[in-house]
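# no FASTA, just this:
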């Protein structure tokens, strides 16, 4: 069994205490970032593309299509060969997500030897691999693709490290050790703890593995510790800067992490075999899941669009539900077989008395049946509704970066859920649009309904729309659902003004953009749009030569007619009332990003954190460009959401279309991420500028919240998640709220007080039903607030229940406890 509560809690808290002391030390694995060595990312990317190509070929041929093998495998060429060119971006995104979680293991599991095959931990490490594969398969059965990618990345890291950290390659093997992914087979011929395996070496460590180990084909791996030089007598070390065991006899190491490592001459051989082993593991998952589900795991489907509805089913919603049914049937029927056919469907009902369940499917006909079964009943028109709870479930269930629509005519009964919903919006980067059928009157008005303020705040935070409309005009607004739920939709520009001002806004549109559309919400709003050609049209012209303008109460949608849309556009807004402006288009060029913590030389790397960045220091983003592969960002900035100020970051190219962006100062309020760049056409030498912006607004916090999953979550058992609050202020008080989307019972401290070191520790304990299905996904949010400033931060974790029977006790213990005790002693006695 994985370590008990006292062990895992101590190791988590100790880890975050110790991270600041080892920020400059080695990370023991194939490198995360390197220009001269093969990295975990490169190994993973190559294997994913190769296995996905095989799955695509089989699937296309089975469907009677023509599969043309690309000369060079890239996300773009493979998506095209799969007859799904719109999937290029989602395939690249899936590879990035898997690789990010792969890198996470080095940043968050560096002391757990079983995650790296260190210390001859073969049984424990193999258990991690087979348990990880089992969870990936279980998650796919429940169509929980995000968690499946997350767990796959972790599992691949351990598998790949075997070939760098063991002597498998030195034994002359040039093919994968298939037993590692087959739990029914025994691990044979392992060197026991009393068997010497290495001799000392200095500099060149080639040949330091004992001849008896080589001739007897004994399997061993290097010992590693940043904290203690101790290791069993005669054992090999991992080697490298920071590995204290490598300075004790026998000295040196056997790792093949890079070309300059102890056995660096075998680095590329180890990387090649690790790539083949990664393909074998992916093939095992493919055979279990089938080609279609495997390709969905890798982001390959007919389109990337998602249809997600959150619907009020109270008695007053009869007309709204009828319209939801109509637009659902229209979208599914009109897009069937096209590149914009939704790839996922999510439905969550709610009323004044409850919310849920979540209906999630990839089958459009099943979704139509679920929507047709909706009916209005219970409660009255003036009842408060459990709307935010329903939205919370939808955000947890829908794919990341989804476009969600919520229909209601009632005020939220659960307004206390607002901060949790905000945390999920920021973490998933989903956009939420509210269709609110409770206007103050049926006529155009100058003020919004005040009961909708919470909805409007959430719409603005997510980059969505807050549309107030009477029932009789509902059909005029639902056309926005059809337009915003298509594939390859990108945000070019958006801003918010509260209070409203008369102000011009300019932005660049590149030649890849189609279906240029302006979305404006606000009362008594007038505007004039000017195209690059100088042609203009005012808001009073509903059907002009430049665009078609559809206006319904506080909502305006401007659809540009002209086919030549490239150049600088200007819109002049004129209103004293608050308004939002968002400009979108259809394009293959986009980006995704995550906030990361970076560790430096000699093995640079990063780990993603799902919380708000600190406001009192540098902020680093991992930026991934999505498109043809020719897109190069020239400027990345954090742009004030309600102003014109921006903070530009320093770009570092880390390969494969990924960039680390370091921003030295963060906006004080909410901000967007804006990317400006150039594309180099493969057919010409011309460069074309592009501009993209994040839809979701983000903000920084004065303190950090860190939480990590420790161990495996089994049905019927208590699962503990330790977390830490870190700030520069001593003895500060914070309130704590935790929620999980499975609605399982749990306990957590309601408040915490930091100590003299500015840190406070807590534990969330989840009680899991004994009948929980393996692969069941649960989103946990831990929200922490400083009452006197109302500053808030959170931790976001995606969890999944494992198989029903836990592994035998004692198989996954690490060296954390002894290492932690040693370091604390060193610090105290310093």
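That came in fine, so what should we check first? Bear in mind the structure is a predicted one, so any value in this text is a computation, not a measurement.
# wouldn't residue 296 be in contact with residue 145 here?
Yes: contact criterion CB atoms under 8 Å: residue 296 and residue 145 qualify, at 6.1 Å. C-betas here are computed from N, CA, C, even on glycine.
# any idea how far residue 191 is from residue 597?
As judged by CB to CB, to the nearest Å, residue 191 and residue 597 stand 36 Å apart.
# Sketch out the low-pLDDT regions of the stretch 451-600 of the chain for me.
Within the stretch 451-600 of the chain, the ranges that satisfy pLDDT under 70 run 600.
# which residues in it form strands?
466-468, 489-497, 503-509, 514-521, 526-530, 536-538, 547-552, 555-560, 567-574, 579-586, 590-599 (DSSP state E, counting those that start in this stretch).
# do you know which of the ones you listed lies nearest residue 197?
If you check each of those against residue 197 by CB to CB, strand 590-599 wins as the nearest, at 29.6 Å.
# In terms of secondary structure, what does the closest one contact?
Applying 3 or more CB pairs under 8 Å, 6 or more residues apart in numbering; DSSP states H and E, one finds that strand 590-599 makes contact with helix 88-108, strand 605-608, strand 619-626, strand 658-663.
# Now do the last one against strand 619-626, angle only.
To tie it back to what came earlier, the one meant is strand 658-663. In terms of direction (axes from the mean of the first three to the mean of the last three CA atoms, to 10 degrees), strand 658-663 departs from strand 619-626 by 150 degrees.
# for the first one, same thing?
For the pair helix 88-108 and strand 619-626, the angle between their directions (the same axes, to 10 degrees) equals 150 degrees.
# list the buried ones in the very next helix or strand once past helix 88-108?
Tracing the chain C-terminally past helix 88-108 and defining elements by DSSP states H and E, one meets helix 122-141 next. For helix 122-141, burial by neighbour count (16 or more other CB atoms under 10 Å) applies to 122, 124-140.
# What of stretch 184-203?
Of the residues in stretch 184-203, those scored as buried under the neighbour-count criterion (16+ other CB under 10 Å) are 191, 195-199, 201.
# Return the subset of the residues you listed lying in helices.
Within the buried residues of stretch 184-203, no residue falls in helices by DSSP state H.
# Can you tell me which of the residues you listed is nearest residue 745?
Closest approach to residue 745 among these (CB to CB): residue 191, at 46.2 Å.
# what pLDDT does the closest one get?
Per-residue confidence at residue 191 stands at 98 (pLDDT).
# tell me the contacts of it?
120, 197, 213, 218-220 (CB atoms under 8 Å, 6 or more residues apart in numbering).
# so how far is residue 314 from it?
If you go by CB to CB, the gap between residue 191 and residue 314 works out to 68 Å.
# Please apply the same query to residue 243.
63 Å.
# before we move on, what about residue 645?
From residue 645 across to residue 314, the span is 43 Å (CB to CB).
# hang on, residue 767 packs against residue 744?
Yes: Residue 767 is within contact range of residue 744, at 5.8 Å (criterion: CB under 8 Å).
# More neighbours: which of these two?
Between residue 767 and residue 744, counting by other CB atoms under 10 Å, residue 744 is the more crowded of the two (16 against 12).
# which residues touch that one?
For residue 744, the contacting residues are 766-769, 778, taking CB under 8 Å, 6+ apart as the criterion.
# Surely residue 276 touches residue 178?
No: applying CB under 8 Å as the test, residue 276 and residue 178 come out as separate, 10.3 Å apart.
# Settle it for me: which of these two has more neighbours?
For residue 276 versus residue 178, neighbours defined as other CB under 10 Å are more numerous around residue 276 (17 against 12).
# In which helix or strand does the more buried one reside?
Per DSSP H and E, the secondary structure element for residue 276 is helix 267-289.
# what packs against that helix?
Looks like helix 267-289 contacts helix 40-62, helix 122-141, helix 145-165, helix 291-297 (3+ CB pairs under 8 Å, 6+ apart).
# pLDDT on that helix, on average?
This predicted structure assigns helix 267-289 an average pLDDT of 98.
# ok, which stretches of the stretch 201-350 of the chain are helices?
Residue ranges of the helices in the stretch 201-350 of the chain, as given by DSSP state H, counting those that start in this stretch, are 211-215, 267-289, 291-297, 318-335.
# Export those to TSV and append columns for distance to residue 108.
Formatted as TSV, those follow (distance: least, CB to CB, whole Å):
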stretch	distance to residue 108
helix 211-215	32
helix 267-289	21
helix 291-297	23
helix 318-335	41
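# so which of those helices gets nearest residue 478?
Once the helices of the stretch 201-350 of the chain are compared by CB to CB, helix 318-335 is nearest, at 4.6 Å.
# and the closest one, what does it pack onto?
Under the contact rule (3+ CB pairs under 8 Å, 6+ apart), helix 318-335 is packed against strand 306-312, helix 364-372, strand 403-408, helix 474-477, helix 479-484.
# would you list those in CSV and tack on distance to residue 692 and mean neighbour count?
Rendered in CSV, the data for those read as follows (distance: least, CB to CB, whole Å; neighbours: other CB atoms under 10 Å):
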stretch, distance to residue 692, mean neighbour count
strand 306-312, 20, 25
helix 364-372, 30, 17
strand 403-408, 16, 24
helix 474-477, 26, 18
helix 479-484, 16, 18
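# Save those as JSON lines, and put in distance to residue 490 too.
Shown next, in JSON lines, are those (distance: least, CB to CB, whole Å):
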{"stretch": "strand 306-312", "distance to residue 490": "15"}
{"stretch": "helix 364-372", "distance to residue 490": "24"}
{"stretch": "strand 403-408", "distance to residue 490": "12"}
{"stretch": "helix 474-477", "distance to residue 490": "22"}
{"stretch": "helix 479-484", "distance to residue 490": "12"}
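# All good on my end, thank you.
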